[in-house]
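**Student:** show me how the following folds:
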Amino acid sequence: MTKEVKKPFQEKTSYKAYIIGFWFLFFLGISLGYYLFNGIANQQLLGKLPSFQQLENPKTLLATSLLSSDGKQLGTIFKENRALAEYHELSPFLEDALVSTEDERFYDHSGIDGKSLARAIIKGGSSGGGSTISQQLAKMLFTEKVVKNKWERAKQKLKEWVVAVQLERQYTKEEIITKYFNTLDFVNNAAGIKSASQVYFNTTTQNLKIEQAAMFVGMAKNPALFNPLRRPDTTLFRRNVVFAQMLKNDKITKEEFDSLKKLPLGIKFNLASHHSGTATYFRQEVKKKLKKIFKNLKKPDGTPYNMYQDGLKIYTSINYDMQQYAENAVKTHLSKELQPAFFKHWKSKTRNLKKYAPFYFEDYTEEEKSDAVEKLIKNGIRTSGRYRKALDANKKVRVVTYAYNRATTKNQRWKNKVKNYDGKRYIVQQELNRLNRDSTNVWSIRKEKIRVRKEIKVFQDSIKKYKTKSADFKEELEQKRKEYLKFWKPFDQEMMVRFDKKISMRIFTWDGEKDTLMSPRDSVIHHKWYLRSGLLSVDPHTGFIKAWVGGINYKYFQYDHVRATRQVGSTFKPFVYATAIENGVNPCEEYLNEEVTFPAGTYGLEESWKPKNAGEESHLDGQSLTLKMALANSINSITARIMKNFGPESVINVARRCGITTPIEPVPSICLGTPDVSLYDMVSAYCVFANKGIRVEPQFITKIEDKNGSVIWSPIPERQEVMTEENAYKMIELLSGVAEYGPKVGGKLTYGTGVRLRSPHRPYGNIPYSVKIAGKTGTTQMQSDGWFMGITPDLVTGVWTGCEDRAAHFLSLRLGMGTNMALPIWGYYMNDIYKNSSIKISKGKFDIPESLKNEEFDCTKRKANSIDDFDVIDFDDF
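**Tutor:** The predicted structure follows:
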């Protein structure tokens, strides 16, 4: 048999074919891979992938930050408490721990690790650890939940692969690391590394220690499983795994590893909550303001801004230290002094009085007292968080209740507008009456009369408009009321029964929250015993609000007493005196301190009115007193005489121009402070005296930036001269008597109601005479409210103190007057400010207008008492 011999040519052809085939298949694979990648990336073969814009701006919810004027964070507004950190803000331990644990070849690949991808497809991701950092970021940002089906999981991995490569092309490695940490949710209201650092360790990302960074990287694998609050042992074990990986990758030494793994977690949990932290009441006010701003402010694409997720920065006028001082002042006075005195005061009363404590009703029968107390308690129940939560859970009752509340609010708004326009009409009508009486130059005032008549017509038309709206709405309102009562009454009865049953709960005390077994009804009564307070501090020249305290504890008492309206007492008197000053009365003019009578029939009075001075008989009774002395001693009879001379409408006109916005009835009793006015309005109005007669609308947001740092809103200051500079300064001189000693009258020394601010024996006093203080104390009927309005050259601060219900109060004027309830808070606050040299607040005198520099305001030409005079005065009497 003949053996066939291969020809050399055939061997050469076969080898060449193999080579060609190999390269053909190689380039075919490359082409198919390219077209597959291109198809996934651009043709959406496996579903929609993120665009370039979406990669640049992923839809993560970013918390809005509220910043003080000195750059400190006051709090955040969020649905998800996430704040973005920059790469330079990250502790280097974070990057070392992450790369060592999650992606050792992170700096050597372009987003994909081939071995890891193959393992993830075969095992369906069950083995874990297969994804690169870039893939994990892609998964967190853009892909769905992990599925169990292997084919679907392979599709997910391909998507992650494509997005990871896109991320690597678009961002540097440092930017990917930063995005990774910003995207992670560390649970417990800590989204992103910046928030997590604050929540878990009360520190910044820059200052994270190696053991803290390792814990966060360990949590990244499964934040719910490695939750340091719920599973500290599991989290500790996982953290030490991270240390082992860092050792393996030469980021730490063996000695460091042995030392670090013995360390505890060291959690300093600081829950991010709207109920806790600094300036809690103020933060709620900011949210209300932002809602108004964002009604008209849109993004470049026309969509509205969202304060809960757009990562805005809200720069406020609040000074962080001053806010702290204000909150501490309220807490110090109420917790250590006033509240214990309140408990002791009521404990000492007779059994009959204590029966309804802390409520007191003068001239009520027993039945009326019982009914009044029950009404107050039920109102407290209905406004409690527990009741509102149950109401929100009952859909039908919630719908009809909110519908009726909206309807009544709308109707009340119309009624308030009627009152407001009627008040304005009344004031302008008085101006017209004055013009009609002026016959000196008829032609010169003709135009003025036409203008005033037009104003009156506008007000009359507005009154008619809103009266008609209210009348037309009456039938619809009644229908909503009937529907509301139909569903609400049985719900309310059921809730009253539930509120009588004892349950485990937590209540407020000044010694901290207390766990107890108590009925919700009794908890309402318990909390009604606590005195509340509000403080507002404003720079009168800029209108910037520097401190805002709305109450004593936002978690338990959410009613903001800066915005709440309460009877103002004698703090309203300066507007009466300003009326006299504007009408040419000299500050040194004397008035006789004797009873004044407003006859029946005047100002709509049905019977004559004779206001009396507060307290017992005084050595000042029957004496002639200057305006300054009368205001410093809060003499009712002289204030009433000024009111009688100039009329209520003139006083209301001054108050309105200064900034009082609430309705005020044109009756004589307003001179003693019967109107209900908010602390916000009172401080705003007093700023006019300190700011040379210029009214500046208070502001607390200085600018708003978007997440990229672009300014999207800033306020437009509103300034208006409402009083001459000379008259404003004269008011400062009158008000400065509050904390000074006056001349002897009737053989006795006189002094202002706030003179204890100078006392070295008071913990809130000892403010030297070189520091000029102007202001006014205020006390209302039955001591329900205590006020102090304090003015210094650069700061106007108002304080209100009282119980939630006006029927709860001290029975003693000595304990319940504004001098004792509110003034000490002002003293504590200002003393802390004066001690802080970084706060640029003047300790000197007010600027005197050039035209008044030669005028004598010391009516007795006396020299101010020196500090040595205090040695002969018993300050405990004041």
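
**Student:** switch to C-alpha atoms for all contacts and neighbour counts from now on
**Tutor:** OK.

**Student:** any idea how this structure splits into domains?
**Tutor:** 19-45, 82-271, 359-526, 534-703+716-857 (automatic domain parsing).

**Student:** now residue 791. Nearest residue, chain neighbours left out?
**Tutor:** Excluding its sequence neighbours, the residue lying closest to residue 791 (CA to CA, 6 or more residues apart in numbering) is residue 774, at 4.9 Å.

**Student:** if I look at that neighbour, how far off is residue 609?
**Tutor:** 31 Å (CA to CA, to the nearest Å).

**Student:** most packed of the domains of the chain?
**Tutor:** Among those, ranked by average contacts under mean count of other CA atoms under 10 Å, first place goes to domain 534-703+716-857 (a mean of 20).

**Student:** and it, average pLDDT?
**Tutor:** For domain 534-703+716-857, mean pLDDT rounds to 93.

**Student:** can you lay out the domains of the chain as TSV showing distance to residue 710?
**Tutor:** TSV is the format used below for the domains of the chain (distance: least, CA to CA, whole Å):
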stretch	distance to residue 710
domain 19-45	32
domain 82-271	15
domain 359-526	37
domain 534-703+716-857	10
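
**Student:** tell me which of those sits nearest to residue 305.
**Tutor:** domain 534-703+716-857 (14.7 Å; CA to CA).

**Student:** off-centre distance for that closest one?
**Tutor:** 25 Å (CA atoms, centre = their mean, to the nearest Å).

**Student:** do stretch 174-192 as well
**Tutor:** Using CA atoms, centre = their mean, the offset of stretch 174-192 from its chain centre is 28 Å.

**Student:** do the same with stretch 85-96
**Tutor:** Averaging C-alpha positions (CA atoms, centre = their mean) puts stretch 85-96 32 Å from its chain's average.

**Student:** residue ranges for the strands of the stretch 201-350 of the chain, please.
**Tutor:** Counting by DSSP state E, counting those that start in this stretch, the stretch 201-350 of the chain has strands at residues 313-316.

**Student:** quick one: the helices in it, in order.
**Tutor:** Per DSSP state H, counting those that start in this stretch, the stretch 201-350 of the chain carries helices over the ranges 210-220, 232-248, 254-260, 280-296, 320-333, 339-347.

**Student:** how about residues contacting the fourth one?
**Tutor:** By that I understand helix 280-296. Contact with helix 280-296 is made by 66, 74-75, 77, 274, 304-305, 307, 548-551, 554, 558, 560, 700-701, as judged by CA atoms under 8 Å, 6 or more residues apart in numbering.

**Student:** what mean pLDDT does the helix ranked longest in the chain have?
**Tutor:** Assignment by DSSP state H gives helix 442-498 as the longest helix of the chain. Taken as a whole, helix 442-498 has an average pLDDT of 91.

**Student:** check which helices and strands that helix is in contact with.
**Tutor:** helix 395-437 (3 or more CA pairs under 8 Å, 6 or more residues apart in numbering; DSSP states H and E).

**Student:** residue 758 is nearest to which of the helices of the stretch 201-350 of the chain?
**Tutor:** That would be helix 320-333 among the helices of the stretch 201-350 of the chain, by CA to CA, at 17.3 Å.

**Student:** contacts for that closest one?
**Tutor:** 68-70, 72, 74, 278-279, 533, 535, 546-549, 552, 824-826, 828-829, 832-833.

**Student:** same question, stretch 191-206
**Tutor:** 80-85, 88-91, 181-186, 189-190, 208, 212, 266-272.

**Student:** tell me how far it is from the chain's mean position?
**Tutor:** For stretch 191-206, the distance to the chain centre is 23 Å (CA atoms, centre = their mean).

**Student:** what about it, how long is it end to end?
**Tutor:** Its start and end residues considered, stretch 191-206 measures 17 Å (CA to CA).

**Student:** before we move on, what about stretch 706-720?
**Tutor:** By CA to CA, one end of stretch 706-720 lies 31 Å from the other end.

**Student:** of all residues in the protein, which one is nearest the centre?
**Tutor:** Closest residue to the average C-alpha location of the chain: residue 282 at 1.4 Å, with CA atoms, centre = their mean.

**Student:** show me the strands in the stretch 601-750 of the chain, by range?
**Tutor:** For the stretch 601-750 of the chain, the strands defined by DSSP E, counting those that start in this stretch cover 624-626, 676-678, 694-696, 701-705, 711-713, 719-721, 741-745, 748-751.
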